[in-house]
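*Asks:* need a structure here:
(chains A, B, C and D)
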Number of protein chains: 2
Amino acid sequence: MYAETRVAPVTEIPPAIGATHPANEDHFSRPSIFDAYPGLLGTAFSYGKDEEIYGDGEPADYVYEVMNGAVRTCKLLEDGRRQIGAFHLPGDVFGLEAGKTHRMTADAIADTTVRLVRRRTLDAAAQSNLQIANELWSMTARDLCHAEDHMLLLGRKTAMERVATFLLEMDRRLAVAGMLDLPMCRRDIGDYLGLTIETVSRVLSHLQQEGVLGFSGARQIKLRNQQRLREMNL
Amino acid sequence: MYAETRVAPVTEIPPAIGATHPANEDHFSRPSIFDAYPGLLGTAFSYGKDEEIYGDGEPADYVYEVMNGAVRTCKLLEDGRRQIGAFHLPGDVFGLEAGKTHRMTADAIADTTVRLVRRRTLDAAAQSNLQIANELWSMTARDLCHAEDHMLLLGRKTAMERVATFLLEMDRRLAVAGMLDLPMCRRDIGDYLGLTIETVSRVLSHLQQEGVLGFSGARQIKLRNQQRLREMNL
DNA sequence: CGCGTGGTTGACACAGATCAACCAGAGTGG
DNA sequence: CCACTCTGGTTGATCTGTGTCAACCACGCG
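*Replies:* Here you go, the predicted structure:
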């Protein structure tokens, strides 16, 4: 095991367990598309850990923005094998589809508050405001860009390279003061990277032994040598 | 080797080797977005086998529609490992980006003719015609949809399942009279499926022995038992 | 005819999966 | 406060699907 200094383990967000209920959390956040246009304010909603936000094939009547917490979107095979396509962190928009239905399942990784905007409202806004239409397209294009990078990772990278890429991505997206506090468990990381939990765990241990990583609790990581990680990343 | 009856090997399209030159081929094709709007007719252009159409990082000044032949779009790792994200067949549009530059390399798999439309023209059209703007978004969304399915394949499917999925996809997209004539070599199939050529070859041989496939030349395949393939596909 | 390219097949190696044991921390209840 | 249990994570031993390496074959072309 790789516990070291074990700092105070910053327990996450209060409960909100079980069912959905209106949110009471305020929070920061970088300006989102929704902020820029009055009338797209949306309604806040909360989900408990592991609660499903929408399912594959369901009508895509809403678009979501993560306010706090984290969300995974994934696809399942009949026998339970799972591929997570993306993690959505505070500030990210997810659930936007060009068609009528969702093509992935979304669930909250931790207790999560999202802001949701009715799809019809968005469509109407896009109809009259070209900038909004453009922004919608850009969001889909960003998702595509990420998916293309991820195909390369899944098809052609080694376990070590996948984990290195993952760590750099997470560091970029959620590090504060050089420290990252992962919201997802090892299984989610594995299902994101096309690996098993054991392999993820082993690679992380190895990186710690090499001094590339420092742990304080399994989910609190410090990248001590980003350069090395970047080299592995190719 | 698995040659069987060897029908006349339908050699592809005349040369046009070496450099690009104006096209002289006409051709069929299902109605494309470009057809629907005069002024988006575009210019035909031809590329020889293995010729690069655009490179990763280059300015995305044009959008392309395949008229005949076939195109692959891929990403490369520094050491040469390659992941093909998609094959583009007659009627398909590729090279559409929301940003300013291409994020993949595109090359002709066989001798290929494309129709190209200036990106600025398209933007201008989208500016004034909401239906076009919508169509552009839809195209990106379709690509995303494919990429998401492909992530599942690359991250979680076995070699057999990958090949089965591939065969069904190709059958859907280019079979005529229950026969498919693949434009791409084994290496391209491998790089699309995240496998080696040897594994692709072995799986295909295995499927032939099982009677699921019939070959007449390595690239001409008949799916004798689509049901079985669909079961493998999950 | 000889050569180059693309494809197949076999023998073997290995990265990562699987199976299993174990550990730490967080609840829970007495 | 302690025993108990549950969950998430780590580690070791072993297995296996796919990669690697190498030989070979078939075809097309100069």
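
*Asks:* On the three-state scheme, A:R103 is what?
*Replies:* Using DSSP: H, G, I helix; E, B strand; the rest coil, the secondary structure recorded for A:R103 is coil.

*Asks:* can you list the weak-confidence ranges in chain A?
*Replies:* Applying pLDDT under 70 to chain A flags residues A:1-33, A:35-40.

*Asks:* Skipping adjacent residues, who's closest to the residue most central in space within it in space?
*Replies:* By Cα atoms, centre = their mean, chain A has its centre lying nearest to A:F87, at 1.9 Å. Among residues not flanking A:F87 along the chain, A:R72 sits closest, at 5.6 Å (Cβ to Cβ, 6 or more residues apart in numbering or on different chains). Backbone N, C-alpha and C define where each C-beta goes, glycine included.

*Asks:* What separation do you get for the one you found and B:E148?
*Replies:* 13 Å (Cβ to Cβ, to the nearest Å).

*Asks:* same question, A:F166
*Replies:* In this view, A:F166 and B:E148 are 18 Å apart by Cβ to Cβ.

*Asks:* before we move on, what about A:G214?
*Replies:* For A:G214, the distance to B:E148 equals 34 Å [Cβ to Cβ].

*Asks:* out of these two, which sits in the busier spot?
*Replies:* For A:G214 versus B:E148, the count of surrounding residues by other Cβ atoms under 10 Å in any protein chain shown is larger for B:E148: 22 against 18.

*Asks:* That one: what's it in contact with?
*Replies:* A:K75, A:G85, A:R103, A:M104, A:A147 (Cβ atoms under 8 Å, 6 or more residues apart in numbering or on different chains).

*Asks:* Closest one to B:A175 out of the residues you listed, please.
*Replies:* Nearest to B:A175 among those: A:R103, at 24.7 Å, using Cβ to Cβ.

*Asks:* dump the residue contacts of the closest one.
*Replies:* Counting by Cβ under 8 Å, 6+ apart, A:R103 touches A:D56, A:G57, A:K75, A:E97, B:C145, B:E148.

*Asks:* Of these, just say which sits nearest to DNA strand C.
*Replies:* Minimum distance to DNA strand C across the contacts of A:R103 is 16.8 Å, recorded for A:K75 (Cβ to the nearest atom of the strand).

*Asks:* hmm, back to that, so the residue nearest to A:F87 sits right up against A:C185, yeah?
*Replies:* No. Assessed by Cβ atoms under 8 Å, A:R72 is found out of contact with A:C185, at 10.4 Å.

*Asks:* which residues pair with A:R82 across the strands?
*Replies:* Beta-bridge partners recorded for A:R82 (DSSP bridges): A:L76.

*Asks:* That one - how many residues pack around it?
*Replies:* Residues lying near A:R82 (other Cβ under 10 Å) number 18.

*Asks:* can you check A:E231 too?
*Replies:* Close neighbours of A:E231, defined as other Cβ under 10 Å, add up to 11.

*Asks:* Please report the distance of it from A:Y47.
*Replies:* Using Cβ to Cβ, A:E231 is found at 38 Å from A:Y47.

*Asks:* ditto for A:F94
*Replies:* Here the criterion is Cβ to Cβ. By it, A:F94 lies 13 Å from A:Y47.

*Asks:* before we move on, what about A:T113?
*Replies:* In terms of Cβ to Cβ, A:T113 sits 8 Å off from A:Y47.

*Asks:* got it, and A:D107?
*Replies:* Relative to A:Y47, and taking Cβ to Cβ, A:D107 is found at 8 Å.

*Asks:* Would you state the strands of chain A in chain order?
*Replies:* Under the criterion DSSP state E, chain A carries strands at the ranges A:43-47, A:52-54, A:62-68, A:71-76, A:82-88, A:93-94, A:105-108, A:112-118, A:179-181, A:213-215, A:220-223.

*Asks:* who in chain A is up against DNA strand D?
*Replies:* Listed as neighbours of DNA strand D in chain A under the rule Cβ under 7 Å from any atom of the strand: A:1-2, A:185-187, A:197-198, A:200-202, A:204-205, A:215, A:218-219.

*Asks:* longest single helix anywhere in chain A?
*Replies:* Across chain A, the longest stretch assigned as helix under DSSP state H is helix A:130-156.

*Asks:* just the angle between it and helix B:130-156, please?
*Replies:* Note on geometry: by axes from the mean of the first three to the mean of the last three Cα atoms, to 10 degrees, helix A:130-156 and helix B:130-156 are set 20 degrees apart in direction.

*Asks:* Quick check: buried residues in helix A:130-156?
*Replies:* A:132-137, A:139-145, A:147-156 (16 or more other Cβ atoms under 10 Å in any protein chain shown).

*Asks:* cool, and stretch A:66-76?
*Replies:* For stretch A:66-76, the neighbour count (16+ other Cβ under 10 Å) marks A:V66, A:M67, A:N68, A:G69, A:A70, A:V71, A:R72, A:T73, A:C74, A:K75, A:L76 as buried.

*Asks:* closest to B:A175 among these?
*Replies:* B:A175 lies nearest to A:K75 out of these, by Cβ to Cβ, at 25.8 Å.

*Asks:* Find the residue closest to the closest one in space, skipping its chain neighbours.
*Replies:* Per Cβ to Cβ, 6+ apart, closest to A:K75 is B:L152, 4.6 Å.
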